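**Student:** Here is the input, now give the coordinates:
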Amino acid sequence: MKSIKALYVLLLLLVGCIIGQAQLQVSGHVFDINSQSMLEGANVYLPELRSGVVSNHQGLFTIEIPTNGITKVQFSHIGYQTILREIDAHNLEDTLLVALKPISIQSEEVVISGISAATQHDNAIRIELLKAKDIETSGSPNLMEAIAALPGVNIISKSPGVSMPTIRGMSMTNIIVMNNGVKLENYQYSKNHAFIIDEFGVEQIEVIKGPASLLYGSGAVGGIINFIKEKPAASEGIVGDYTGHYHSCTQGLCNSLGLKGKNKQLTYSLRAGYKNHADYLDGDGDFVPNTRFTDKSIDFNIGFTKPYGSFNLYYDYNRPQLGMCLKQAIPYIKERGRKLEWWYQDLTSHVLSLRHKLMLRNYKFDVNIALQVNKRLGQTDTTTAAYKLVDATLKTLSYEVKAYLPSNNSLKYSIGFQGESKTNQNHDAPLMVIPDCDNNSLSVFALVEGQLWNKLKLQTGIRYDYSTLSTTTRKQLDEINRTFNNLSSSFATSYKFTSHLHGRISVASAYRIPNMGELTQDGWHGTRYEQGNAALAAQQNLETDLGLHYHSHQLICDIAAFYNHIDDYIYMAPTSDVTSSGSTIYRHAQCNANLHGCEISLAYAPTENLDFQASYSHLNAKKKMALTYRLSHLINSRFLLS
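**Tutor:** Purely as a prediction, here's the structure:
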């Protein structure tokens, strides 16, 4: 808590220094580069401040920007290519003239999951993107299944309501899932434990495939998935929207109602969502017992924006209740239905986050704090002595400060630190798979970006992490007190051969400390008895990526290849030991592993209303010691007509 207080003292000092800064207004016109006609309804948005306006019927806009330094401004319009311009407050044009180019295929989008907001082409590392419309047209009742449209991304599905994403063969705690920049902590130690997030109010999904520990810390061995919230209201007043979906295979009803408004520098939004699905109907017309699920959610945001910074508070509440298709539940399910009574996960998630961007002269600061409370109940059936089999709460406090130092057009520097404190507490239930324990971590990092000859971009950095994990109750077994420290780094470069063709090369290391479950668990988990291993070492990997990207008015083509070597890969394996009842005991073990593969994706739009998409991915994963391998292919083709 002392660290949190120190952050807010710093925040108040910075605000005190800049509160007197004058406001600078920028005006301009947005027009069609071909017809020269002015564009009404063009979005003019400051991604760093999460503030924007809309051009009027004359294509005119007026927006306030910071009075010092360089500000990034995003210009977009439906049917036109999105552009990102840097505006220097000390060298400002009287009137900005912004020309947008019509485009048939999806435009180059602005992403924020890298070091800073940038277009996809301007990032040294490749960041894949799914827009909200891609999620809506996926036809899936589960948000995670929509991500599988990206090559190299798949899911492990236990039911329509329980799906875990995988990136290039890595899943669970080997990847990081983020809610608007907040790393989710939802007991994701098993394929039965879904990440608690829904699609309501999501603007876009950004995916980094490959090691990303440099920016996001432990767990980003396989990559990250970042769900970005919708933009705030662009004009003053209040607007609302409603979205409804029906899914025939689950008789599923999905509803979302949202309101958002703006009053001068104040923005606010409120959204409520509700899902209710019956048991899944398979291809033979039979229902799969107890695959029913429900989900309720409320999202709230209030933000304040000035030219010297933005201050945002977010609150997300999710209450998924997920049926489990287990042999214990099947005898109770006589007919297809919606009501959850036997063998289901009853989950509650609260995420409160404060995300601030401050601009002081030529310095920029991100100051972010988040508190998560995740409640997990495992319900069985009323005939069982312990109807409430699992009852545990995971509390996570995370904080970070990033400083973007004064830079020139060639080199950009940033430094920062991040910290996290997790506490697991068991309550009144007989099954304590994970004991009461505490996990704390602190890290520091530095990054450099370089731009040479307007064609070559370089990005490199280094990071140091220190973590501790200790248990307070562990049944009859010994208590655990472990300390981990890791050094990770990365180097990435992109080269612009032509305005349409880009190449990328990256070499990155990442790490993952063993999680609470892998070190401490001891008990029945689903249908098998699982034990942790208190002696596990941290997992470390090194991955090399090569990529080519071609983007024209009608065609997009991506080709990528990768090789990922992992030292001390952590996995669950059966042993020769058995329980008192004769059941096999599964225990966490380690070995070295290699993964390599390639991905190809194509998108072609012969006209504005016709779009063809196809992708292919290949993955080979091999235990280095055990001489076993797994080969998988995925071919995914889609035909879209709008």
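**Student:** Report the rounded mean pLDDT for stretch 213-225.
**Tutor:** Computed over stretch 213-225, the mean pLDDT rounds to 83.
**Student:** So for it, first residue to last residue, what's the gap.
**Tutor:** End-to-end distance for stretch 213-225, by Cα to Cα, to the nearest Å: 13 Å.
**Student:** Then stretch 214-234?
**Tutor:** Chord length of stretch 214-234, first to last residue, is 34 Å (Cα to Cα).
**Student:** so the nearest residue to F200 once chain neighbours are set aside, which of the three states?
**Tutor:** Among residues not flanking F200 along the chain, G273 sits closest, at 3.8 Å (Cβ to Cβ, 6 or more residues apart in numbering). C-beta: built from backbone N, CA, C; applies to glycine. Secondary structure assignment for G273 (DSSP: H, G, I helix; E, B strand; the rest coil): strand.
**Student:** and G273, what does it touch?
**Tutor:** 198, 200-201, 254-257, 295-299 (Cβ atoms under 8 Å, 6 or more residues apart in numbering).
**Student:** Mark which of those are buried, thanks.
**Tutor:** 198, 200-201, 254, 256, 295-297, 299 (16 or more other Cβ atoms under 10 Å).
**Student:** now the residues you listed in JSON lines, with secondary structure?
**Tutor:** Formatted as JSON lines, the buried ones among the contacts of G273 follow (three-state DSSP):
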{"residue": "D198", "secondary structure": "coil"}
{"residue": "F200", "secondary structure": "coil"}
{"residue": "G201", "secondary structure": "coil"}
{"residue": "C254", "secondary structure": "strand"}
{"residue": "S256", "secondary structure": "strand"}
{"residue": "D295", "secondary structure": "strand"}
{"residue": "K296", "secondary structure": "strand"}
{"residue": "S297", "secondary structure": "strand"}
{"residue": "D299", "secondary structure": "strand"}
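**Student:** hang on, the earlier thing: which of the contacts of G273 lies closest to S499?
**Tutor:** Nearest to S499 out of the contacts of G273 is G201 (Cβ to Cβ; 35.2 Å).
**Student:** Next, find the distance separating the closest residue to the closest one other than its chain neighbours from N255.
**Tutor:** Nearest residue to G201 in three dimensions, chain neighbours excluded: R271, at 4.6 Å (Cβ to Cβ, 6+ apart). Going from R271 to N255 by Cβ to Cβ, to the nearest Å gives 11 Å.
**Student:** Just to check, I155 is in contact with A146?
**Tutor:** No. When contacts are counted by Cβ atoms under 8 Å, I155 is not listed as touching A146 (9.5 Å).
**Student:** the more surrounded of these two?
**Tutor:** A side-by-side neighbour count of I155 and A146, using other Cβ atoms under 10 Å, places A146 first with 22 against 19.
**Student:** Let me know whether my guess that the more buried one is in a helix holds.
**Tutor:** Yes. Membership of A146 in a helix is supported by three-state DSSP.
**Student:** That one: what's it in contact with?
**Tutor:** By Cβ under 8 Å, 6+ apart, the neighbours of A146 are 130, 134-135, 138, 140, 199, 205.
**Student:** which stretch of helix or strand covers the residue nearest the centre of the chain?
**Tutor:** Nearest to the geometric centre of the chain sits N226, at 1.9 Å (Cα atoms, centre = their mean). If you go by DSSP states H and E, N226 is part of strand 223-229.
**Student:** That strand pairs with which strands, and in what direction?
**Tutor:** Paired neighbours of strand 223-229 in the sheet (DSSP bridges): strand 175-179 (parallel), strand 202-209 (antiparallel).
**Student:** N609: which of those is closest?
**Tutor:** For N609, the closest of those is strand 202-209, at 22.3 Å, according to Cβ to Cβ.
**Student:** list the buried ones in the closest one?
**Tutor:** So strand 202-209, judged by 16+ other Cβ under 10 Å, has buried residues 202, 204-209.
**Student:** and if you look at stretch 308-315?
**Tutor:** Neighbour-count burial for stretch 308-315 [16+ other Cβ under 10 Å]: 308-312, 314.
**Student:** Including secondary structure, pLDDT and distance to I70, could these go into JSON lines?
**Tutor:** Below are these laid out as JSON lines (DSSP: H, G, I helix; E, B strand; the rest coil; pLDDT from 0 to 100; distance: Cβ to Cβ, whole Å):
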{"residue": "Y308", "secondary structure": "coil", "pLDDT": "78", "distance to I70": "15"}
{"residue": "G309", "secondary structure": "strand", "pLDDT": "83", "distance to I70": "15"}
{"residue": "S310", "secondary structure": "strand", "pLDDT": "86", "distance to I70": "17"}
{"residue": "F311", "secondary structure": "strand", "pLDDT": "91", "distance to I70": "21"}
{"residue": "N312", "secondary structure": "strand", "pLDDT": "93", "distance to I70": "22"}
{"residue": "Y314", "secondary structure": "strand", "pLDDT": "95", "distance to I70": "27"}
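**Student:** Closest one of those to N533?
**Tutor:** Nearest member of the buried residues of stretch 308-315 to N533, counting by Cβ to Cβ, is Y314, at 37.1 Å.
**Student:** Report the beta-bridge partner residues of that closest one.
**Tutor:** Beta-bridge partners recorded for Y314 (DSSP bridges): N301, S353.
**Student:** That one is in contact with L352, isn't it?
**Tutor:** Yes. Counting by Cβ under 8 Å, L352 is a contact partner of Y314 at 7.3 Å.
**Student:** Need the pLDDT of the residue nearest to G201.
**Tutor:** At R271, the pLDDT value in this model is 96.
**Student:** So, low pLDDT: which residues of the stretch 151-300 of the chain?
**Tutor:** Residue ranges of the stretch 151-300 of the chain with pLDDT under 70: none are present.
**Student:** Closest one of the buried residues of strand 202-209 to R463?
**Tutor:** Of the buried residues of strand 202-209, the one sitting nearest to R463 (Cβ to Cβ) turns out to be I208, at 15.2 Å.
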